[in-house]
Every structure is written in C-alpha cells, then in structure tokens.
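Trainee: Structure here, sequence nowhere to be found:
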C-alpha cells in the first residue's frame, strides 16, 4: 500500500469542494500563494528553444549559478557539487534511496520523508523535537538515546521547519550535527524555506557543522512560489564521500527523471544569480508571509491553543491540548478528528499532526497560512505590495472566518458523535 | 550499485569530448534532434503564469486533451484514465515499482527498464525477440516457455521499438497479449515512438488486445523532439484494476515528483489536441527520420552488417556477426569492444547491445540516427524542410564519415589488442 502525499491529497480535495461551491478556508497546503514576477516569466519564455535533455545533473550554467548562490550564503561550493531535479522532492527521494541505512526524522516532520523512506524500503525512526522551542531538528538527548540503541544511516533536518514554521536554535543544531558526525550519519538538510526566515537572516546550516556528510536540498517552490514549476537542487559535500554519493544520486536520477526540464534550468540560472528584482520580490514575500503567519498565530492562541510563534515560512503547528476537555465533549479526542471537525463542521482545512508523524492522540494540526493572500493574481499582487495586508478585505475576511471557526470548535453544541471514527484525513 | 542510464551517460561523454575539440559522430543517443516550433514555444511562454502545483495526475485540461488524443487513435479513453508526469521515464519507473511481480522484458530492450526494475527491487526476465522480424515484443513461444517456469507480474512491450527501430508484427503482438491475458500479466506498452512510424500508420497496440491490464505510456520527447521538456503521460485501463493501479501510481508520483510542471501541462494540452501545425510538423519529422535512418541502414548493410530495415523512429540495431573473423583479427570479439573500437578508433559513438540486455558476445550495437540533422537550429530546420535532406552537405558529410569508419573497422591493421578488456562503454 503506497502512502499518498497528505498535503497534495488534501489540496486536491479542498480545491474540488471549493470548485463545487463549498465555502472552505484552505489552510492545508504549503503552496506559497503568490504570482510569477514578469522577470521570471520572461526567462521561461526566452528559454523555450531549449529542448535537449542535457546533463542529468543540470546545465553547467545552472549549476554554476547554484554554486555561486550557496557560496554567497557562506558555503563555498563548486558547480560539481550541484544536482538539479524536477523538485527537491525528487532529490529527497533519490537521496533516501541512495544513502544506506535507516532514516531518523524529527517528530513531527514534513509528510513525505517517511513515505519516501517506506518506498525506498527504509525503516523510519522518529525522534521528538523539544516540547518547547523550534522544530525541524530532534532533541539531542533523545537522538543520543536512539543512537545508543540503533545504527541508522541518515538523519533528515528541516531548517527552517515545516510543519512548525520555526528555525532551530543554532546550539541544538550544533549538538545534533556533532552526534551525526560521531556516529557517521549522513545528514539531509532540507533548507527549502531558508530564504523565508521572517527577519531576513540566514538560518544556521548543517553543511557548515558536519561538512563531509551533509547534503543540502533546496528549490524555488517556496521562496518564489514556483511550486508548479518543479525546480529543485541539491548541494553535495566536496570530497570522496560526496563524489560517491553524486554517482549514486545521478544513477537514480538518470533512471527516474533524466533531468530537470531545460527551460526551468534557464530560470534557475537567472534566479540563483540573485538579481535585484528577484531579491526584492523574495523580501516582499517574506514580509507578507511573516505578517499573515503572525496574524493567524494570534487567532489560534486567542482561541486557547498553544503555538510556537512563527519565525520562518508560512506554517503554524498549534496544539489544542489546553482545550482537550471542551473538544472531547464535542467528540474530538484525536488530531485527525480535530482536522475533520475543522473541515466538516467549520469549513477550515488543515492537516492533522499524525500526517507529520506526530502521535495520533495529540490535538495538533498543521496550518498553512499562504493561501490567504487572495484568489486571483491581482489580489495576490495587492497583498504583496500592501503596507498592511491584514487590512485588505479578503485577508481580513479570512481571518474573521478563522476566528469564528476556532470559537465554534469549543462553543458549539456538546455531542456524543465520535469524531475518531471518521475516516482519517488524508 | 546503481546502474546509470547508458544512453544519458554516453550522450554526456560524447558532448564533453566534442566540446573539447574531438571530431566525433554522435550516433549514441535517442534525442530527436529537431528544433521547437514557434507554435509550441508560444504555448510555453503563454503558460508562464501557471505556478500552482495542481493535481498529481495533471490538470483536467491536459488530461482531457490526452484522452481525446487516444480516443482519436482508436482507444476510447476518459480523462480519469490519464496521468501526466515529468517524462514517461518517471511513469515507467513508478509503474514498475507499483505493479507486483517480476518483470519480463524483450531482449534487447531500452536500457532503463531493467535498471528501473532493479531500483524497484524486481527481478528481470529477458525473453529474446525473433532473430528475424521486428523487435519490442518477445517471441511468443519463448514467452510461453518462460511462463511455464515462472510467475512474473509485468511484461513490457515497446511498439515501435527502441533499439531496433521496427514495429512488431500484429500477429505476434496478438499472440503475446493472449498469453499475457491468460497468465494475468500486466502489460506496460511503451508507445513513445507511435507517432513516428515511417509510413504514417498507427502501430498495433496492446491496449486494444489486452484491455483490462495494459497501461500505455507516451510523451512528447520523440514525436516533437521535446526530450528536454520532460512531458510524459500514461493511459491506464478503465475498470477496477485500472482504478487500483491509478491509486498506487499516483501515490508513488505524489511522493517522488508531485506533478508535471504546470506550463508543460499547458503545452501538452495544446499539442494533444492535434492542431494542424503540430500534425504537419510531426509528419515532416517522420519523413526526415525515415530518410536518414534508411540511409544509415544502407551504410551498415553495405559494410557487411546484418540489420533489420528501419520502419519507425530513428534507430538501427546492426549485427556484425558476418564480420566476426575480420573483427576478431583486430581484437574485437564482443559488442562492448565493438562500440569502444567505433568510438576510440573511428570516432563514431554507438551503444553496445549489452546495454540493452543483449548477450555480451553478440556483435550488435544500437545506432541512433537523429543527431545527424545538424548542429544548429538553422541546419535542423533546413533538414526538416529539405526535399532531399541527404543532399545537405552536413548530412552527406556525416554519412561519408560513417562509411569510412565502418570500412576502417575491418580494413585497418590487424592487431593483438584485446578490445574486450577496455572499460565497458557506459
């Protein structure tokens, strides 16, 4: 039985129900929700003549741009260390398949790491993130305990994190990377949200701390909202271990996807040179993501949930534990039932923490805030340019609907219905 | 150890050596070697605003176009039966991974089926094609013998065929599909060359003969030379078996590549509606492929090789068995050594049959004729429009170089060097 990506599945479900006339607030999918800048659209159009397969790793031009991009961010990188692919998801799958050993994931973690590991025949070991503090990196003491009991091969770190929308503390990252080094663990550092730290700083990176065996993955899906263009890239470590992995990785790539579409490589070559128009666009997106994520965070905490304040990207991971009794009185005692109740009773789509590997009984859900910016490109451009996007009527309306929905969760009629028996939200 | 795609690897090798100044004739890679028509480039540019992930299977628009495309070709198809992906290679991998059981391949067969099977943990059973007649479909009697001895789950058929450039006889296809039906085998019908039968007819299809369990894969890489755009699609059977497979396939897709890039889906929606400009372009490409493939075939047979006359696509699969003694006198007794000798002594890149699963000792190589049309888009447009492309100086020159190289294989000095010990051509 293949596990379907929970995020893609609920996106399709909610879009279909909205298309059929339902009024649903879509907080379930991590699409960056912003239009394509003209500068980037023009690059795609200009590259339409490029129809050759080209190298599996990507063109020299695109790889040199990516190498420069990493180097300017403090990681000296040669073009030989870069591999492009149709999305960083494809690279993550190929890396998990190519690297030997079981896979350690922070708990919670992005939905696909575990499913990809299963597809590659790997066992997953979830290690909790600290109850307080940011996500994306496991608690070092718990990781040390796991490493005393088992010999996994791979550790995935997500900095900044999805689902929590937070940036791991540098000290914790350092401790975890030291453990990885001591135990010979390969680290896959998923840094696809690294351009979207709300204060514009660069998050701490595992590749500087554990240089010989850290692979960094990234892409243009989040920073530039180009999810539907499927542009991903990886930075492999320099040295013999990185060279051997490059051979394994490009072997899988050559048999599964051949190469990233050539016109998309041309787009990447442009964007990764950090031209001023692109940099300014990303800065504007970062401000919008920060503003809306904070406003949504305020709604969840006002409703009584615990929630880490968001510091990157466009996600929240509220915990309704303080409302457990009131929710139980309304038939909701697990995360999946909470997500179902939010969708079916209150018209708000989120994903249960269980989809991210969290405990089923935890009353935690993942909230994506990036589809609130508007329904049309015009609305989204206005949101991006507004001094106060929260004052735009469609954003304000969405926040008001969310407020009412969250209030309704614990003020609606007490019911005996057992939400738990509802089908698990995909 | 991961197997790298032999075709992609030699393409990179030859391009790098040519870029470094070597004068090599590139007959090793199945890139269709033609430029992008303006009509198609404009569709890509017009779709640059599409940046959402969209459904894993592809947009309704693209899937409806593909359903119509199959239906007009004699296979009634609904949009629900269609799945798009970044290349039919990705679909082939996901299908082999999702379908239970070992994999039967014609021998020889395209390089990636066996590697994909290995990646998915599947055993491969090669069944020879007839010594006479077309490739892509195993000999029915040999297949029947295999099915008496083992219980594979999947049979891959390639009609028209790569590497032989031929179209399976309808009677043989019927016999093989009857066996597949009787034994409950799923058939993957790779029909990516179906628009390129030289006489413009539609090749016989397994989906009509074994409708409940045949999946057809195709794409725009060959008919429209859009290999570097990575546009692939599959047609699943209607009915419960097809529905279950769709769920498995989209599960793998959702965890490995998410979706085909949205602008590429828009291109597919246009092309698959069979607009007259596209149809005329494909017809011109078909004529050019046929003319050049026949001319190259004449060179190989004139040199003394046995070779099936090409009837589709842009491949030949010559067998140098009649020259075995003359080649052995020059240190060449296996297919890999023959390919090495052609490249290193005579400047002609081809792939050994061994890369296609053929016997190592067979003196057979796969010859791709599609990179002879020119080095620039201007030359390629002229080749496409020429009444007699063989008279164009760069095409005539390439054929003359090939003639000299083939003559040199058996007229050069007798040597004791053992070509067999050269590294296996990737």
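Mentor: Thanks, I have it. As the structure is a prediction and not an experimental result, all values here were calculated from the model.

Trainee: Now the stretch 151-300 of chain A against chain B: closest residue?
Mentor: With Cβ to the nearest Cβ as the measure, residue A:251 is the residue of the stretch 151-300 of chain A nearest to chain B, at 3.0 Å. C-betas here are computed from N, CA, C, even on glycine.

Trainee: and that residue, helix, strand or coil?
Mentor: Three-state assignment for residue A:251 (DSSP: H, G, I helix; E, B strand; the rest coil): helix.

Trainee: To what extent is it buried, counted in neighbours?
Mentor: 22 (other Cβ atoms under 10 Å in any protein chain shown).

Trainee: Around the closest residue to residue A:210 other than its chain neighbours, how many other residues sit close by?
Mentor: Leaving out its chain neighbours, the residue that sits closest to residue A:210 by Cβ to Cβ, 6 or more residues apart in numbering or on different chains is residue A:177, at 4.1 Å. A total of 27 residues lie near residue A:177 under the criterion other Cβ under 10 Å.

Trainee: helix/strand/coil for residue A:177?
Mentor: Relying on three-state DSSP, one would call residue A:177 helix.

Trainee: picking that back up, my guess is the residue of the stretch 151-300 of chain A closest to chain B contacts residue B:6, does it?
Mentor: No - between residue A:251 and residue B:6 there is no contact under Cβ atoms under 8 Å: 11.1 Å.

Trainee: Need the overlap of contacts for the two.
Mentor: Jointly contacting residue A:251 and residue B:6 under the rule Cβ atoms under 8 Å, 6 or more residues apart in numbering or on different chains is no residue at all.

Trainee: Enumerate every residue touching the residue sitting nearest the centre point of chain A.
Mentor: Nearest residue to the geometric centre of chain A (Cα atoms, centre = their mean): residue A:162, 4.2 Å. Counting by Cβ under 8 Å, 6+ apart, residue A:162 touches A:30, A:110, A:136, A:193, A:313, A:315, A:366.

Trainee: Looking at those, state which has the most neighbours.
Mentor: That'd be residue A:313 among those, by other Cβ under 10 Å, with 33 neighbours.

Trainee: mind checking pLDDT for that one?
Mentor: Residue A:313 is assigned 97 on the pLDDT scale.

Trainee: how about the helices in the stretch 251-400 of chain A?
Mentor: Using DSSP state H, counting those that start in this stretch, the helices of the stretch 251-400 of chain A run over A:262-271, A:276-302, A:324-328, A:335-344, A:377-385, A:393-411.

Trainee: Sort out which residues of the last one are buried, please.
Mentor: Going back to what we said before, that points to helix A:393-411. A:394-395, A:398-399, A:401-403, A:405-406, A:408-410 (16 or more other Cβ atoms under 10 Å in any protein chain shown).

Trainee: Turn those into a markdown table, columns for pLDDT.
Mentor: Below are the buried residues of helix A:393-411 laid out as a markdown table (pLDDT from 0 to 100):
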| residue | pLDDT |
| --- | --- |
| A:394 | 97 |
| A:395 | 97 |
| A:398 | 97 |
| A:399 | 97 |
| A:401 | 97 |
| A:402 | 97 |
| A:403 | 97 |
| A:405 | 97 |
| A:406 | 97 |
| A:408 | 95 |
| A:409 | 94 |
| A:410 | 92 |
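
Trainee: what's the closest of those to residue A:257?
Mentor: Minimum distance to residue A:257 across the buried residues of helix A:393-411 is 36.6 Å, recorded for residue A:398 (Cβ to Cβ).

Trainee: what packs against the helix or strand containing residue A:247?
Mentor: Using DSSP states H and E, residue A:247 maps to helix A:240-256. If contacts are counted by 3 or more Cβ pairs under 8 Å, 6 or more residues apart in numbering or on different chains; DSSP states H and E, helix A:240-256 sits against strand A:82-86, helix A:88-98, helix B:88-98, helix B:111-119.

Trainee: quick one: that helix to helix B:111-119, angle?
Mentor: Here the directions of helix A:240-256 and helix B:111-119 differ by 120 degrees (axes from the mean of the first three to the mean of the last three Cα atoms, to 10 degrees).

Trainee: so for helix A:240-256, what's the average pLDDT?
Mentor: 97.

Trainee: Contact partners for the residue nearest to residue A:66 when sequence neighbours are not counted?
Mentor: If the residues on either side of it in the chain are set aside, residue A:66 comes closest to residue A:82, at 4.5 Å by Cβ to Cβ, 6+ apart. Residues near residue A:82 by Cβ under 8 Å, 6+ apart: A:57-58, A:62-63, A:66-67, A:233-236.

Trainee: neighbours of residue A:361, just the number please.
Mentor: So residue A:361, with other Cβ under 10 Å, has 14 neighbours.

Trainee: Check the nearest residue to it once chain neighbours are set aside and give its pLDDT.
Mentor: Closest residue to residue A:361 apart from its sequence neighbours, by Cβ to Cβ, 6+ apart: residue A:334 at 5.4 Å. pLDDT, residue A:334: 96.

Trainee: And residue A:334, its phi and psi?
Mentor: The phi and psi torsions at residue A:334 (degrees, to the nearest 10) take the values phi -140, psi 160.

Trainee: Quick check: residue A:238 vs residue A:273, distance?
Mentor: 22 Å (Cβ to Cβ, to the nearest Å).

Trainee: same check, this time on residue A:388
Mentor: From residue A:388 to residue A:273 the distance is 32 Å (Cβ to Cβ).

Trainee: One more: residue A:352?
Mentor: 41 Å.

Trainee: Comparing these two, which residue is more hemmed in?
Mentor: Counting neighbours by other Cβ under 10 Å for residue A:352 and for residue A:273 shows that residue A:352 has the greater number, 26 against 15.

Trainee: mind listing what that one touches?
Mentor: A:334-336, A:338-339, A:358, A:360, A:364-366, A:424-425.
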